[in-house]
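S.K.: dropping a prediction and its sequence here:
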Amino acid sequence: MDKRIINANRIVVKVGTSSLIHPNGAVNLKTFDELAYTLSALNNQGKQLVLVSSGAIGVGLNKMHLKKRPTEIGAQQALAAIGQSELMTLFTQRFDHYLTDIAQVLLTHDIFDYPKSNQFVMNTFNCLLRDNVIPIVNENDTVATDELDHKTTFGDNDQLSAIVASHVDADLLIVLSDVDGFYDQNPNKVADANLIRTVSHVDENEFGVAGGTGSRFGTGGMQTKLLAAKRMLDEDRIMVLANGADPRIIFKILAGKDVGTIFQKESVAHE
Ligand SMILES: Nc1ncnc2c1ncn2[C@@H]1O[C@H](COP(=O)(O)OP(=O)(O)O)[C@@H](O)[C@H]1O
Ligand SMILES: N[C@@H](CCC(=O)OP(=O)(O)O)C(=O)O
């Protein structure tokens, strides 16, 4: 076990739509509550947390009583706009319950490429983290047109979470999804797929067994999670992919328990 996980102080947690929305389209209140509880408890212990949360479109669909995502990009963006404020209302309610302050930070993937914007975003993160406020990040879906796949998908918070982790110099990125980790085959398609515990490099072999989304509401599937992991590995950072059905799994990860898939370089020995 890499001691950097147990000692991680600055942690980025990414939660996918599949963990926040039930398959029937309703909001998964249990996940919202347990996520708020877990991050609040860690915040109280003195750790610095950033939450990257998807779910704007999922929550928007539920609010507008729609069963499936519209194909038109403008309609998807409108739904994201509706859902984002509702998403933050849900988080505000649950985090208030645990006496934790939160903030909304909407970003585009390329924002850090512009020096002035980068500086302003970093100032914001630094002030929030200094003041024990948990930033809740999502892609700014109404303006992020270059991130849209003009078919059925929208944005990609897996890679956004890696970009954020890298810029805030996080010790650890935890990606919560609806699977127990990275498998040698898509577990939603192949019954006897095996969970891979540790991955030290991501190349065509890994991408070759990474399929698309497993739910009606998720977007990137395993491909975008591997791209996020690749970025983390390239920077010698650690990413853990685990099941977000119960976000208290984060306590187990930080205790060094054998859960999920750990992406970490194997060549470097860390004390
Ligand atoms: N090799 C694999 N290992 C694990 N999951 C995989 C793999 N290939 C494809 N998947 C799919 O990726 C899905 C998770 O991605 P996604 O639906 O985008 O979730 P999220 O909303 O959490 O981002 C899983 O439900 C699974 O169907
Ligand atoms: N920004 C979009 C989510 C994009 C996204 O990456 O979704 P997911 O694959 O569920 O992490 C939203 O809030 O609906």
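M.R.: Here it is on my side, so go on. Ligands and ions are numbered 1, 2, ... in the order given.

S.K.: next, residue 239: phi, psi?
M.R.: Here the main-chain torsion angles of residue 239 (degrees, to the nearest 10) amount to phi -130, psi 140.

S.K.: in the sheet, which residues pair with it? Tell me.
M.R.: residue 173, residue 263 (DSSP bridges).

S.K.: who touches it in this structure?
M.R.: 162, 165, 172-175, 228-229, 232-233, 262-264 (Cβ atoms under 8 Å, 6 or more residues apart in numbering). To be clear about C-beta, it is placed using only N, CA and C from the backbone, and glycine gets the same treatment.

S.K.: does residue 170 really touch residue 235, like I thought?
M.R.: No - judged on Cβ atoms under 8 Å, residue 170 makes no contact with residue 235 at a distance of 10.0 Å.

S.K.: between those two, which is the more surrounded one?
M.R.: residue 170 (25 against 13; other Cβ atoms under 10 Å).

S.K.: spit out the contact partners of that one.
M.R.: Per Cβ under 8 Å, 6+ apart, neighbours of residue 170: 8, 10-12, 50, 164, 237.

S.K.: same check on residue 83?
M.R.: Here residue 83 is in contact with 55-63 (criterion: Cβ under 8 Å, 6+ apart).

S.K.: let's go with 7 Å and repeat that
M.R.: Neighbouring residues of residue 83 by Cβ atoms under 7 Å, 6 or more residues apart in numbering: 55-60, 63.

S.K.: now swap in residue 252 and tell me
M.R.: Residue 252 neighbours (Cβ under 7 Å, 6+ apart): residue 259.

S.K.: pLDDT score for it?
M.R.: Residue 252 is assigned 98 on the pLDDT scale.

S.K.: let's verify it: helix, strand, or coil?
M.R.: helix (DSSP: H, G, I helix; E, B strand; the rest coil).

S.K.: just the strands in the stretch 51-200 of the chain please.
M.R.: Secondary structure of the stretch 51-200 of the chain (DSSP state E, counting those that start in this stretch): strands at 102-107, 134-139, 172-177, 182-183, 195-196, 198-199.

S.K.: what comes into contact with stretch 198-206?
M.R.: Taking contacts as Cβ under 7 Å, 6+ apart, the residues outside stretch 198-206 that touch it are 182, 226, 229-230, 233, 261-266.

S.K.: farthest-separated two in those?
M.R.: Greatest spatial distance among the contacts of stretch 198-206 (Cβ to Cβ): 226 and 266, at 16.9 Å.

S.K.: neighbour count for these two, which is higher?
M.R.: Applying other Cβ under 10 Å to residue 226 and residue 266 shows that residue 226 carries more neighbours, namely 24 against 10.

S.K.: so the more buried one sits against residue 209, correct?
M.R.: No - using Cβ atoms under 7 Å, residue 226 is not in contact with residue 209, being 9.5 Å away.

S.K.: got any residues that touch both of these two?
M.R.: With Cβ under 7 Å, 6+ apart, residue 226 and residue 209 have no common neighbours.

S.K.: which one of the contacts of residue 83 sits closest to residue 242?
M.R.: residue 55 (17.7 Å).

S.K.: report the contact partners of the nearest residue to that closest one once chain neighbours are set aside.
M.R.: Counting by Cβ to Cβ, 6 or more residues apart in numbering, residue 55 lies nearest to residue 20, which is 4.2 Å off, once chain neighbours are set aside. Neighbour list for residue 20: 28, 31-32, 55, 58 [criterion: Cβ under 7 Å, 6+ apart].
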